[in-house]
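Asks: compute the structure for the input listed below.
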Amino acid sequence: MAVAERSGLSFEVKWKPFILDKTLPAGQGKDKITHYNSKFGAARVASMLPSMQRTFAEAGLPDFSFKGRVGNTIDSHRLMALALQQGGPAMQDALVERLFDDYFIQGLPLSDKSVLLKAAAAAKVEGAEALLDDPDELTEEVFSEVETAYDSGVSGVPHFIIGGKAHVSGGQEPSVFLDIFKSIAASPQ
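Replies: Purely as a prediction, here's the structure:
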């Protein structure tokens, strides 16, 4: 993480679940653009696309795309919880990086079991198929964390909770995070 290197601080990232739309179907989901147009309106989506593509390109991801499908993400969150249990934040982060590539670059639905199994294999998460075959495993834990986020006022992603204190919503410049890191580092423990 470039920001961590510039701050001189060390920390770990834990990805928390958040469900943006509980009504999305599982499996192959539905077309992203059709869904977004229905949810936000075609004019708003058309105005958001160039800005988001520019933001992703500036972050080194010029291949970002709205193409593809979107679906219910509960299983991806259960898989992320399993990765955290097995290998800590490093394994979870490896899985998330693969899932982000699958979704934002490849346009694959994070509701599709085959997509999730390939991502789990790439991140070396064991027992992914057994988890996905048991709809109850880790579901209560994931929904509990989602409810905690809702209760604390989180309403979208990305949302960062830093040091259990500072909340930052939306895409932000690195300087915003550096200022928070410096403030936390300077405060008495």
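Asks: helix or strand for residue 57, which one?
Replies: Assigned by DSSP states H and E, residue 57 belongs to helix 42-58.
Asks: show me which residues of that helix are buried.
Replies: Neighbour-count burial for helix 42-58, counted by 16 or more other C-beta atoms under 10 Å, picks out 45, 53, 56. Bear in mind the C-beta positions are built from the backbone N, C-alpha and C, glycine included.
Asks: just checking: what are the partner strands of whatever helix or strand comes next after that helix?
Replies: Per DSSP H and E, helix 42-58 leads on to strand 69-70 as the next helix or strand towards the C-terminus. Based on DSSP bridges, the strands next to strand 69-70 in the sheet, each with its direction, are strand 30-31 (antiparallel).
Asks: for this structure, longest helix please?
Replies: Looking across the chain with DSSP state H, the single longest helix is helix 74-100.
Asks: could you list the buried residues of that one?
Replies: Buried positions in helix 74-100, judged by neighbour count with 16+ other C-beta under 10 Å: 74-84, 86-87, 91-96, 98-99.
Asks: same question for stretch 181-189.
Replies: Residues 181, 184 are the ones in stretch 181-189 that count as buried (16+ other C-beta under 10 Å).
Asks: distance of residue 161 from residue 12?
Replies: Computed with C-beta to C-beta, to the nearest Å, the distance linking residue 161 and residue 12 is 13 Å.
Asks: among the two, which residue is more densely surrounded?
Replies: Neighbours of residue 161 and residue 12, each counted by other C-beta atoms under 10 Å, are more numerous for residue 161; the result is 14 against 10.
Asks: ok so the more buried one is a helix residue?
Replies: No - Residue 161 sits outside any helix when classified using DSSP: H, G, I helix; E, B strand; the rest coil, being strand.
Asks: pLDDT value on it, please?
Replies: Looking at residue 161, its pLDDT stands at 89.
Asks: wait, isn't it in contact with residue 167?
Replies: Yes - judged on C-beta atoms under 8 Å, residue 161 makes contact with residue 167 at a distance of 5.7 Å.
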